[in-house]
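# I need the structure of the sequence given here:
(one chain, ligands or ions: 1)
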Amino acid sequence: MHTPFHLNGKTILITGASSGIGRRAAIDCSAFGATIVLTGRNIERLEETRSQLSGQGHIILPCELLDEKAVAAFAKESPGLDGLVHCAGFVKPFPIAYLSAQKVNETLHPNFYAPALLTGALFKAKKINNEASLVFMSSISGQFPGKGNALYAASKAALEAFSKTIAVEYVSRKIRSNCISPAMVKTPMYDYSSEGMFEEAMNEHVAKYPLGVGYPEDIANAIIFFLSPASRWITGVNLYMDGGFLLSR
Ligand SMILES: NC(=O)c1ccc[n+]([C@@H]2O[C@H](COP(=O)([O-])OP(=O)(O)OC[C@H]3O[C@@H](n4cnc5c(N)ncnc54)[C@H](OP(=O)(O)O)[C@@H]3O)[C@@H](O)[C@H]2O)c1
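Here you go, the predicted model:
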């Protein structure tokens, strides 16, 4: 049966491929036929991800995405790409009254500067192919911030504006750019966020998800859709994935 729900013949770069959503996306995209370029900082965990991929030819290109020179070198080394999935990210709640430039940078650099600089460098190095699809991992916080999350929310809102601008600038080459905004998904980041909360408060929060909290494979399914020909008419959108949380707040 002919189906547009495939990634056959596509080369896809996935950042944050050493953990959580990025790791699952790499595994599932390879099962749909893609060749994966995996990046992250922890080489051992990147190798662990690669060992779980289907098919051959997947490559690991480690990179510290906060290092502008390393990012430029990475872009030169990268093969031509039919897809980019930017999953690398960082969360650390912080009270507004105690902000400093250093605290702002700590969150904005990994969540906004890094994807912006990487994407810019890849375009400059002519590594984004015509008809490519770019997917940026935002968060429901970008539009529905929670207390203590000012920096994280601001970084994701900036990322959403960046993605929409790519959609406008590159539509003539049929390059598409979209965001996915999940609520809580069970990953190491989820565990880290839970550590800062009392168990009772966490249970109360989780109870507000009519469909339960999300799993990395839920997000990977949407990533595959955005990368595949099945979404060829969709660009500049932000897909909320929240198990019904926003409806029932
Ligand atoms: N989990 C959730 O509940 C949730 C909800 C909404 C949105 N999101 C978003 O979804 C994305 C993935 O989250 P996750 O839960 O999968 O996170 P995770 O398990 O903590 O993984 C984070 C990934 O980012 C990479 N990374 C962080 N800083 C980096 C840097 N400076 N340079 C290169 N790589 C860097 C890490 O690489 P190394 O480990 O190799 O350093 C790791 O692979 C993030 O953007 C997050 O904001 C997550």
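# Okay, the spatially closest residue to residue 185 that is not a sequence neighbour and residue 97: tell me how far apart.
Leaving aside its sequence neighbours, residue 185 sits nearest to residue 214 (C-beta to C-beta, 6 or more residues apart in numbering; 4.1 Å). Quick note: C-beta positions are derived from backbone N, CA and C, even for glycine. Separation of residue 214 from residue 97 (C-beta to C-beta, to the nearest Å): 32 Å.
# Ok, residue 113 next?
In this structure, residue 113 lies at 24 Å from residue 97, with C-beta to C-beta as the measure.
# now swap in residue 166 and tell me
Residue 166 is 35 Å from residue 97, where distance means C-beta to C-beta.
# Which of those two has more residues huddled nearby?
Between residue 166 and residue 97, counting by other C-beta atoms under 10 Å, residue 166 is the more crowded of the two (23 against 5).
# for the more buried one, what are its contacts?
Contact partners of residue 166, counting by C-beta atoms under 8 Å, 6 or more residues apart in numbering, are 119, 134, 175, 177.
# helix or strand for it, which one?
Secondary structure from DSSP states H and E places residue 166 in helix 150-170.
# For that helix, buried residues please.
The neighbour-count criterion (16 or more other C-beta atoms under 10 Å) identifies 150-160, 162-164, 166-167, 170 as the buried residues of helix 150-170.
# Please apply the same query to stretch 170-188.
170, 175-185, 187.
# Same check on stretch 214-223?
Residues of stretch 214-223 classed as buried under the neighbour-count rule (16+ other C-beta under 10 Å) are 214, 216, 218-220, 222-223.
# Same list (the residues you listed) but as JSON lines, adding distance to residue 57, pLDDT and secondary structure.
Listed next are the buried residues of stretch 214-223 as JSON lines, based on distance: C-beta to C-beta, whole Å; pLDDT from 0 to 100; DSSP: H, G, I helix; E, B strand; the rest coil:
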{"residue": "214", "distance to residue 57": "30", "pLDDT": "97", "secondary structure": "strand"}
{"residue": "216", "distance to residue 57": "23", "pLDDT": "98", "secondary structure": "helix"}
{"residue": "218", "distance to residue 57": "27", "pLDDT": "98", "secondary structure": "helix"}
{"residue": "219", "distance to residue 57": "24", "pLDDT": "98", "secondary structure": "helix"}
{"residue": "220", "distance to residue 57": "20", "pLDDT": "98", "secondary structure": "helix"}
{"residue": "222", "distance to residue 57": "25", "pLDDT": "98", "secondary structure": "helix"}
{"residue": "223", "distance to residue 57": "20", "pLDDT": "99", "secondary structure": "helix"}
